[in-house]
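> Provided below for reference: sequence and predicted model.
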Amino acid sequence: MAGRTIDLEQEKELLHRAREGDEEAFRKIVNLHQRQVAATVMGMLGNCPEAEDVGQEVFIQFFRSLDRFRGESRIATYLTRIALNLAVNELRRRKKEKQLLAAGAEGWLKASTDSREEANDARRLIAQALQQLEPRFREVIVLRFLNGYSTEEAARILKLPLGTVLSRLSRAQMKLREILLPLMGQEK
């Protein structure tokens, strides 16, 4: 979730001002949510030139849809959904081979390591493993572990039943484990 947050009333005020054409209000919305959008897009696409383009497109689409945004969810949730949709579209455009996400991700993402080098190696391995996953599994891992959403919040964002999200999370974790264990020199 976004590192910097505002309360619902402040968010509604910024949204109202942005709808009225206040560029500074829209700029504040972008500043509040750009890290979260970047994390979502990079989690889905990896660190590639297209990721920055997709991140910018998220805010362009949000700007174009300001009048249609009903406010039934927080702006962060809405932007995350746009980011996921655009990232999946980019993956389809690339016609990359997609594989399932596997887990143990939470442990590896949060594991303390003895050195910065080991931490960087672990991050690199996880990023490589994420890119091998099918988007429907990758998005669950990105939302749950990289963006810090609860499983229930992920289900709302993805507009899926909680059971489906739990199932995808479980399958993603198994696949991620299958991918990561050999890379880390461990047996299954």
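Received, thanks.
> okay, CA-based contacts and neighbour counts for the rest of this
OK.
> Can you report how many residues neighbour L79?
Each residue near L79 was counted by other Cα atoms under 10 Å, and the total is 23.
> likewise L160?
Look at L160: counted by other Cα under 10 Å, it has 12 neighbours.
> Count the residues that sit near E57.
Per other Cα under 10 Å, the neighbour tally for E57 reads 15.
> residues contacting it?
Residues counted as contacts of E57 (Cα atoms under 8 Å, 6 or more residues apart in numbering) are L86.
> V58 now?
V37, L79, I82, A83, L86.
> Which of these fall in helices?
When the contacts of V58 are checked against helices (DSSP state H), the matches are V37, L79, I82, A83, L86.
> In the protein, what residue spans correspond to helices?
Along the chain, counting by DSSP H, helices occupy 8-19, 23-45, 49-64, 75-94, 105-110, 116-131, 135-141, 151-158, 162-183.
> Now find how far off-centre the last one is within its chain.
From the chain centre to the centre of helix 162-183 is a distance of 16 Å (Cα atoms, centre = their mean, to the nearest Å).
> Counting by contacts, list what it packs against.
If you count contacts as 3 or more Cα pairs under 8 Å, 6 or more residues apart in numbering; DSSP states H and E, helix 162-183 packs onto helix 105-110, helix 116-131, helix 135-141, helix 151-158.
> per-residue confidence averaged over the shortest one?
Regarding helix 105-110, the rounded mean pLDDT is 49.
> Looking at the contacts of V58, which one is closest to R70?
Using Cα to Cα, L79 comes nearest to R70 of those, at 13.0 Å.
> Can you report how many residues neighbour H33?
Neighbour tally, H33, other Cα under 10 Å: 20.
> What of the one 5 residues further on?
For A38, the neighbour count with other Cα under 10 Å is 20.
> what sits against it?
A38 neighbours (Cα under 8 Å, 6+ apart): A51, E52, G55.
> can you put the residues you listed in CSV and add distance to N147, pLDDT and neighbour count?
Formatted as CSV, those follow (distance: Cα to Cα, whole Å; pLDDT from 0 to 100; neighbours: other Cα atoms under 10 Å):
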residue, distance to N147, pLDDT, neighbour count
A51, 16, 89, 22
E52, 18, 88, 15
G55, 15, 93, 24
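> what sits against the residue nearest the centre of the chain?
Computing the C-alpha centroid of the chain and ranking residues by Cα atoms, centre = their mean puts T40 first, at 2.4 Å. By Cα under 8 Å, 6+ apart, the residues touching T40 are T80, A83, L84, V142, L143, L146, N147.
> So in this structure, where's the weakest helix or strand by average pLDDT?
Between all helices and strands in the chain, the lowest mean by mean pLDDT, DSSP states H and E belongs to helix 105-110, at a mean of 49.
> What is the burial count for the nearest residue to L158 once chain neighbours are set aside?
Nearest residue to L158, sequence neighbours excluded (Cα to Cα, 6 or more residues apart in numbering): R81, at 7.0 Å. Residues within reach of R81, counting by other Cα under 10 Å, total 20.
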